[in-house]
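Student: My questions are about this predicted structure, shown below with the sequence.
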Amino acid sequence: MKILIVSQYFWPENFRINDLATELQQRGHEVTVLTGWPNYPEGKIYQDFSEHRAKYAQFGAVRVVRVPLAPRGKGALRLALNYLSFVLSGSLLGPLKLIGKKYDVIFVYEPSPITVGIPALVLKLFKKTPIVFWALDLWPESLSAVGVVKSRKVLNAVGVMVRFIYRHCDLILAQSKSFIGGIEKYCPQREKIRYFPSWAEELFHEETVIPALEVPSKEGAFNVLFAGNIGDAQDFPTILDAAERLRERREIRWIIVGDGRMADWVRAQVALRGLQDQVLMPGRFALERMPSFFAHADTLLVTLKASEIFAMTIPGKVQTYLSSGLPLIGALDGEGAEVIRESGAGYACAAGDAAGLADAVARMADASVEQRATMGAAAQRCYAEQFEKKLLIDKLEGHFADLVSTKNKVSSHV
């Protein structure tokens, strides 16, 4: 099949769509990606891209077509301009850059914003190609949940846009079972909504990994590792409150690997609260480096703010954590917490519960090596049964094939 992926984010930005594009190409499909100029998460266009754009036009065997956009910068206004600029350049320049090219299916990757669907709809108009939309975030609910938009009129207007995008997609994939109901509010055609969760990148196959030198060794340390975006949704006030509650447990260290819009605030709070010995922030690193940081971890931490929309979400890092064979600790509600509890992969408390999180970390630190190994093994079983990459991409190929078959049948009767 000839597959066009539309995604505001792509390599060298670190998103799961990179892995999907590579896997589809390796399975014999011809894959093209329409994306923007890389600027996530720093908020400015990558310097190497600015100086050597030609080398970013190919990702292995995947063709990469890029359109300009305004970098994210800092603040809500800059972020809105970033979203709008990709809509405009993707809708106007995308069809020109792809003129004369035919595709069997358009696949939309939507971790946020949902506006990424608009250039895809424009391309559908020109290419007469069905759209598969992978919803990893629910708009407008998520805008309200993180406080980005408080105006009811604006949220209603966004809802109208969401309804328009969903209505013109041929298949919508929901990242969690709970998302299905949220999508149905704007897309009453239940028959075109399917459950399709994320998987983990294949990072943990090497038997020997050298622990990251960026994390100083400490004899007897119990390391709690958080890896990923440092943003408002991840509820770092709860993490820091829990770290304060365990201040006297000198062996417990919180290692935060990543970057994001809240990173400066977290660093300032660590200094203000005098937690420099307990909370380490080595920075953001390439995906390939993650096993070296996981090698330090005794347990892995996932958190989300208390919110109805976040309770419907399975954070993408959960699948990565499960595949690692390490026990998990979660401070989150809903489906993500259920995965941890029901699989026996670790402990989970309610979102925003700093006391519960501190208790879970203390329990994990006091557990025996054998007990933690049992939880890690349960995590890997859960991953293999529900989230294994081959299993899921087989299903995705099946969805693509069904749409192409339906399109061909319709065309033959016209």
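Tutor: Perfect, I can see it now. All of these numbers come straight from a predicted model, not from anything done at the bench. Residues are numbered from 1 along each chain as shown.

Student: Okay, strands next: where are they in the stretch 1-150 of the chain?
Tutor: In the stretch 1-150 of the chain, the strands defined using DSSP state E, counting those that start in this stretch lie at 2-6, 30-36, 58-59, 62-67, 105-110, 131-135.

Student: Can you add mean pLDDT and mean neighbour count and give these back as TSV?
Tutor: To be clear about C-beta, it is placed using only N, CA and C from the backbone, and glycine gets the same treatment. Below are the strands of the stretch 1-150 of the chain laid out as TSV (pLDDT from 0 to 100; neighbours: other C-beta atoms under 10 Å):
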stretch	mean pLDDT	mean neighbour count
strand 2-6	98	24
strand 30-36	98	24
strand 58-59	98	14
strand 62-67	98	19
strand 105-110	98	26
strand 131-135	98	25
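
Student: shaky segments in the stretch 201-350 of the chain?
Tutor: The stretch 201-350 of the chain contains residues with pLDDT under 70 at 205-206.

Student: what's the closest non-adjacent residue to the residue most central in space within the chain?
Tutor: With distances taken as C-alpha atoms, centre = their mean, the chain has G316 as the residue nearest its mean C-alpha position (4.7 Å). Residue nearest to G316 in three dimensions, not counting chain neighbours: S198, with 4.8 Å by C-beta to C-beta, 6 or more residues apart in numbering.

Student: Also S7?
Tutor: Y109 (4.0 Å).

Student: who are the neighbours in contact with the one you found?
Tutor: Taking C-beta atoms under 8 Å, 6 or more residues apart in numbering, we find Y109 in contact with I5, V6, S7, Y9, F15, I17, L20, V116, W134, L136.

Student: quick one: it from Y9, how far?
Tutor: From Y109 over to Y9 the distance is 8 Å, taken as C-beta to C-beta, to the nearest Å.

Student: got any residues that touch both of the two?
Tutor: Common contacts of Y109 and Y9 (C-beta under 8 Å, 6+ apart): F15, I17.

Student: show me where the stretch 301-414 of the chain has helices.
Tutor: With helices called from DSSP state H, counting those that start in this stretch, the stretch 301-414 of the chain shows them at 308-311, 316-324, 334-343, 354-366, 369-386, 389-412.

Student: Of all these, which one is nearest A212?
Tutor: Proximity to A212 (C-beta to C-beta) singles out helix 316-324 among those, at 14.5 Å.

Student: tell me how far that closest one is from the chain's mean position?
Tutor: Centre-to-centre, helix 316-324 and its host chain are 11 Å apart (C-alpha atoms, centre = their mean, to the nearest Å).

Student: Residues contacting that helix, please?
Tutor: Counting by C-beta under 8 Å, 6+ apart, residues outside helix 316-324 touching it are 16, 111, 136, 197-201, 203-204, 227-228, 290, 294, 300, 302, 328, 330, 336, 339-340, 343, 345, 376, 379-380, 382-383, 387.

Student: domain assignment for this structure?
Tutor: Domains of the chain are assigned by automatic domain parsing as 2-199+389-412, 222-386.

Student: about what we covered before: sitting in helices, which of the contacts of Y109 do you find?
Tutor: I17, L20 (DSSP state H).

Student: Spatially, which two of the contacts of Y109 are the most separated?
Tutor: The most widely separated members of the contacts of Y109, counting by C-beta to C-beta, are L20 and V116 (14.8 Å).

Student: and for stretch 396-411, what are the contacting residues?
Tutor: With contact meaning C-beta under 8 Å, 6+ apart, stretch 396-411 is reached by 1, 3, 24, 27, 104-105, 107, 129-130, 132, 170-171, 173, 194, 196.

Student: Of the contacts of Y109 - the most surrounded one?
Tutor: Sorting these by how many neighbours each has (other C-beta atoms under 10 Å) puts V6 first, at 30 neighbours.

Student: Since that was my last question, I'll sign off now.
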